[in-house]
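fold the following for me, if possible:
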Amino acid sequence: MTPLSFTWRRRRVARYAVVVLGLGLAGSVYAAITGAGESSAATAPTTMQQQIARGQVIFQQTCATCHGLEAQGSNVAPSLIGVGSAAVYFQVSTGRMPLREQAPEADRKPPQLTPAQTLAVAQYIQSLGGGPTIPTPAQVSTSGANVGLGQELFTADCAQCHNFDGAGGALTNGQYAPSLNPSTPTQIYTAMLTGPQAMPVFDDTTITPAEKRDIIAYVINTRNTPNPGGFSLGRVGPVTEGLVAFLGLLFAVVLSAMWITAKHRKTTDE
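You can find the predicted model right below:
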């Protein structure tokens, strides 16, 4: 064998080795990518199932007494199948549920469950029959929202019960529209989605998601607006302001009459 032919064969073998090595490297990279994808895809359902299972345990410990072990409802509480996670989030995060006692209106209280426990129970109820879901942070963000349009929408759809600034007000049969001052954007959004207690449901066909954000922006803006006139009197409008002015004037008239009478008696006695 000549040196020339030996060199040619060695180069040929080297080329084959490079091709094989390249194919092996490409296969390894592909396997790593697809394996990572499959791993993440498998992890997400597993995590969700774990959260649902945890939510079921918490539900049976704190809610099943009234709503039933399978959330089917009872003679004292309605079925939760199909209400969705948004309704659970609103009721539990505001402390209205679990309910302490039967009353015309469930009062807002410090929540009994942590945020993580609340989300777990919400996901469990969502898994039973679907329904409105908890909005994402982007859905409740007021960035770029139209406060002016939000005021118009709030005045048209909400002010009759919650007053024009969200201070709340009395309704019939012992019910009332609560103040919106302590409510978070997510709580306001989920209340519009689900219509808790005496509140009507404002789904996305009645008030669009963008309009919901406008309403939330108006409520927050009103809440944070200072009072240039001094004492706000709860910001419940001119009726309260007129009543306070009337009572103040009446009190001043009564004091003046008492002072004049006392002075007249003193002059007469002398």
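
for the rest of this, base every contact and every neighbour count on C-alpha atoms.
OK.

how about low-confidence regions in the chain?
Counting by pLDDT under 70, the chain shows low-confidence ranges at 1-44, 226-244, 263-270.

now with 50, please.
4, 6, 8, 31, 33-34, 36-42 (pLDDT under 50).

what about the strands in it?
For the chain, the strands defined by DSSP state E occupy 169-170, 176-177.

want to throw these into JSON lines with mean neighbour count and distance to residue 46?
JSON lines is the format used below for the strands of the chain (neighbours: other CA atoms under 10 Å; distance: least, CA to CA, whole Å):
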{"stretch": "strand 169-170", "mean neighbour count": "14", "distance to residue 46": "45"}
{"stretch": "strand 176-177", "mean neighbour count": "20", "distance to residue 46": "41"}
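
nearest to residue 158, out of these?
Residue 158 lies closest, by CA to CA, to one member of the strands of the chain: strand 176-177, at 9.6 Å.

which strands border that closest one, and is each parallel or antiparallel?
Using DSSP bridges, the strands paired with strand 176-177 are strand 169-170 (antiparallel).

list the contacts of the nearest residue to residue 80 once chain neighbours are set aside.
With sequence-adjacent residues excluded and distances taken as CA to CA, 6 or more residues apart in numbering, residue 80 is closest to residue 71, at 5.4 Å. Neighbouring residues of residue 71 by CA atoms under 8 Å, 6 or more residues apart in numbering: 64, 79-81, 125.

how much space between residue 71 and residue 195?
According to CA to CA, to the nearest Å, residue 71 stands 19 Å off from residue 195.

same check, this time on residue 182
18 Å.

more crowded one of those two?
More crowded of residue 182 and residue 195, by other CA atoms under 10 Å: residue 195, with 15 against 12.

contact partners for the more buried one?
201-202.

all further residue positions should be reported with the first residue as 36.
Sure, I'll start counting at 36 from here, so that last one is residue 230.

next, give phi and psi for it.
phi 60, psi 60 (degrees, to the nearest 10).

same check on residue 235?
For residue 235, the backbone dihedrals are phi -70, psi 160 (criterion: degrees, to the nearest 10).

can you get me a residue count around it?
Using other CA under 10 Å: residue 235 sits among 14 other residues.

so the closest residue to residue 103 other than its chain neighbours versus residue 255, what's the distance?
Residue nearest to residue 103 in three dimensions, not counting chain neighbours: residue 109, with 6.2 Å by CA to CA, 6+ apart. Remark: distance between residue 109 and residue 255 (CA to CA) = 38 Å.

quick one: which of those two has more around it?
In this view residue 109 and residue 255 are compared by other CA under 10 Å, and residue 255 has more residues nearby, 20 against 14.

residue 99 is in contact with the residue nearest to residue 103, correct?
No - counting by CA atoms under 8 Å, residue 109 does not reach residue 99; the two are 9.4 Å apart.

any residues in contact with both of the two?
Counting by CA under 8 Å, 6+ apart, nothing touches both residue 109 and residue 99.

state the number of residues packed around residue 206.
Number of residues near residue 206 (other CA under 10 Å) recorded here: 13.

now swap in the one 10 residues further on and tell me
When counting by other CA under 10 Å, one arrives at 15 neighbours for residue 216.
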